[in-house]
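# need a structure here:
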Amino acid sequence: MDQLLQLGLVEVCDDVLLSAEGVEVSNGAFGVEKQGEMIDGGNLAVLRLIINLILANAAQICVGGDTEGLLSQLQWAFFTLLEREYAVFSQTDRRCFFYIWRLRKAWRRFMVLSKRSRGRRLAVTVIAMGWLLAVEVCQHLHWNIVKKCSDLPARLEIRRDRPFPIGASRRFFEAWKVYIDDFKHARVFSADEVDILSEKVPRLLELAGSALWKIGSRGKPQENRGQQGGDRLPWGTDERHPRRQNLPPCL
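This next block holds a predicted model:
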């Protein structure tokens, strides 16, 4: 708990959320091992922090928002390839994307933990995995970052509420989408162009990664990948380590 305090993920909180019966509502927390990630010379597993907000979530409602535009898997039915064409799918994942955003103090009473530290009541200060609104808020933030901080063409975005962008015209041979903490890219190449893929990171992927790096969102180099025909292509991007400090409240 002291380390969470030091990182600013929790802080001392005097505000409380009460049930209709006047009982204080508090929440649990636990860690889930991240497969293949170890520290301390391989002796300790890296944990994914999950906040059990079932009770506090009951006092809130979903807002929808940008999640209404999340891609439906059925939309891929419109994806077609002509003879001697290849589809290449690339993506980059953000590290701890939920936990880099600090919430305003008005949300602290919903995020109070049941476990005390030296007698002090602590509350989560960031978007917690387990919060009812976490997906909606993170999708909104990620989408606005890549839209406002980069030159990604809006006409190439894959969304549920728009026509599928990839078509027969050469200028519509690629597309991108934001999916919570992932940025995904698709492009159609002719057979003559496929040989250059292993040496080139997609331009739109670089634009999105650069925009996210500027606001302190670190990528996961080991999970960045391009794929064609089931073979992983040997490129990586977004391997810089930005500083996480002085980020403004997001909600």
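# buried set for the helix or strand hosting Tyr86?
In this assignment (DSSP states H and E), Tyr86 forms part of strand 85-93. By neighbour count on 16 or more other C-beta atoms under 10 Å, the buried set for strand 85-93 is Ala87, Val88, Ser90, Gln91, Thr92, Asp93. For every residue, glycine as well, the C-beta is placed using N, CA and C.
# could you dump those residues to JSON lines with distance to Val46 and pLDDT?
Conversion of the buried residues of strand 85-93 to JSON lines gives the following (distance: C-beta to C-beta, whole Å; pLDDT from 0 to 100):
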{"residue": "Ala87", "distance to Val46": "33", "pLDDT": "80"}
{"residue": "Val88", "distance to Val46": "30", "pLDDT": "82"}
{"residue": "Ser90", "distance to Val46": "25", "pLDDT": "83"}
{"residue": "Gln91", "distance to Val46": "21", "pLDDT": "82"}
{"residue": "Thr92", "distance to Val46": "19", "pLDDT": "82"}
{"residue": "Asp93", "distance to Val46": "15", "pLDDT": "82"}
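# how about the residues you listed, which pair is most distant?
Ala87 and Asp93 (20.1 Å; C-beta to C-beta).
# Looking at the buried residues of strand 85-93, spot the one nearest Gly209.
Nearest to Gly209, judged by C-beta to C-beta, of these is Thr92 at 5.8 Å.
# Okay, the closest one and Val188: tell me how far apart.
Distance of Thr92 to Val188, computed by C-beta to C-beta, to the nearest Å: 20 Å.
# Also Arg160?
From Arg160 over to Val188 (counting by C-beta to C-beta), the distance is 21 Å.
# between the two, which one's more packed in?
The neighbour comparison of Arg160 against Val188 (other C-beta atoms under 10 Å) goes to Val188, with 21 against 13.
# can you pull the contacts of that one?
The contact partners of Val188, by C-beta atoms under 8 Å, 6 or more residues apart in numbering, come to Leu81, Glu85, Tyr86, Ala87, Val88, Ile166, Phe173, Glu174.
# ok, and the closest non-adjacent residue to Pro165?
Among residues not flanking Pro165 along the chain, Ala175 sits closest, at 4.6 Å (C-beta to C-beta, 6 or more residues apart in numbering).
# Before I go, just wanted to say thanks for your time.
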